[in-house]
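Student: Sequence and predicted model, in that order:
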Amino acid sequence: MMPAFFLGVLILGLPLNLLSLWIFFHRLRRWTRSTVLLFNLTLADTSWLLALPFLVQYHLDKLYWSFGLPLCKAVRLLYHNYFYLSIFFVTCISLDRYLAIVHPLRSLVLLGRRQTCLLCVVVWTVTFLTSIPVANMTLIQSCPGINRTVCTLYILLKETEESLPYSLFCSIAGFLFPLVSICYCCLRSVRELRHRPGLPNPHSKQRRLGRVLSAALILFALFYLPYHLSRNAAIVMRTVYPDSPASWQPTDLLFSLEMCFCSLSTCVNPLFSCFIGGQFRREFHETFSVLFPQCPGTKLAPVLSQRERRTEGQRQGMTTVTPLCILPRP
């Protein structure tokens, strides 16, 4: 099941993310803070998808790794690295919304475009450094009695002196803390909108913020929470029953299924970008309509430049009869 699932994710996710990258580079001329964060999220997904064919080949060969130890370490590190990059960038998007609503003036200084780019570099660097232990714990083992060379996962090692503390650390620092941060940022922003006097159309902004909160929490609930629970359970079972491999099988099976399911986030994140970024959503819909005009729900529309869209928006905002300023008679 795993090679078929990974292959389906690769076929669906790689075109979506490559299309998203093309839109970022060629269609979006004005990059905001949210655009920078969504671009880095897409870049993390694409880097993982480019390494996925090695896992597909590995599982098609019935767990026979023929690419050597360095590439084995690199693939395992990339999976772990991508997973927390996705979590941190979703958290940064929620932080961006919080600063824009609760601290609108201060956010221009605290999180301008330059500071946002620096934040992205810090996220990439810290996530990569914290993923290095995964490469150190990754081994290539030969199964006795059969001709099979396995690229091991640190979660499935019998010795848990290193894997259990590391997994718990990543679960707290890389999952629980971002989850609490997202909840605080969104709830604090909703409270600010409700108590702000004279706000034009506050319900519309609350709905948009609610969409951000809902999308982020759905990602955490569907992908990240079950993954961390199953991963820690698989390691704990090896700690509690070190000499009973049969007792490991239920948690190992659950963790393997979660690995397959979590890879779907590379297909969901482009939809998350469309859901969050209004400018990206319009460009994505226009580009998708041009590429696939026969798909239901897509309406082929002329692709306008940014100046033409601005002019068209101003034209639509004008009334057909322009009132004249009539001076009173003397």
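Tutor: Here it is on my side, so go on.

Student: Can you show me the helices along the stretch 101-250 of the chain?
Tutor: Remark: helices assigned in the stretch 101-250 of the chain by DSSP state H, counting those that start in this stretch are 104-110, 113-137, 163-171, 177-194, 202-219, 225-240, 249-262.

Student: quick one, which of those helices is nearest to R29?
Tutor: helix 113-137 (13.7 Å; C-beta to C-beta). C-beta here means a position set from N, CA and C on the backbone, and glycine is covered the same way.

Student: name the helices or strands packed onto the closest one?
Tutor: For helix 113-137, the packing partners by 3 or more C-beta pairs under 8 Å, 6 or more residues apart in numbering; DSSP states H and E come out as helix 33-60, helix 69-102, helix 163-171.

Student: buried set for it?
Tutor: 116, 119-120, 123-124, 127, 130-131, 133-135, 137 (16 or more other C-beta atoms under 10 Å).

Student: For it, which outside residues touch it?
Tutor: 31-33, 36-37, 40, 73-74, 76-77, 80-81, 84-85, 88-89, 92, 96, 111, 154, 157, 162-163, 166, 170, 173-174 (C-beta atoms under 8 Å, 6 or more residues apart in numbering).

Student: Can you tell me which residue is spatially central in this structure?
Tutor: Of all residues in the chain, the one closest to the mean position by C-alpha atoms, centre = their mean is S86, 3.6 Å from it.

Student: Would you check that it makes contact with N269?
Tutor: Yes - contact criterion C-beta atoms under 8 Å: S86 and N269 qualify, at 6.7 Å.

Student: need the contact list for D252.
Tutor: 156, 234.

Student: now it: how far from W124?
Tutor: D252 sits 31 Å away from W124, going by C-beta to C-beta, to the nearest Å.

Student: before we move on, what about L108?
Tutor: 24 Å.

Student: Kindly report the same for L253.
Tutor: 33 Å.

Student: next one: Y166
Tutor: Distance, Y166 to W124, by C-beta to C-beta: 20 Å.

Student: ok, I235 touching S167?
Tutor: Yes - I235 lies in contact with S167 (C-beta under 8 Å); the separation is 5.5 Å.

Student: shared neighbours of these two, anything?
Tutor: Joint contacts of I235 and S167 (C-beta under 8 Å, 6+ apart) are I155.

Student: who has more neighbours, the two?
Tutor: I235 (23 against 19; other C-beta atoms under 10 Å).

Student: May I have the residues that are in contact with that one?
Tutor: By C-beta under 8 Å, 6+ apart, the neighbours of I235 are 155, 160, 163-164, 167.

Student: Also T138?
Tutor: T138 neighbours (C-beta under 8 Å, 6+ apart): 72-73, 76-77, 151-154.

Student: need those residues in CSV with distance to S47 and neighbour count, can you?
Tutor: CSV is the format used below for the contacts of T138 (distance: C-beta to C-beta, whole Å; neighbours: other C-beta atoms under 10 Å):
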residue, distance to S47, neighbour count
C72, 17, 21
K73, 16, 19
R76, 14, 22
L77, 11, 19
C151, 19, 23
T152, 22, 16
L153, 19, 21
Y154, 20, 22
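
Student: From those residues, pick the one nearest P144.
Tutor: T152 (14.5 Å).

Student: my read: that closest one touches I140, true?
Tutor: Yes - using C-beta under 8 Å, T152 is in contact with I140, at 7.2 Å.
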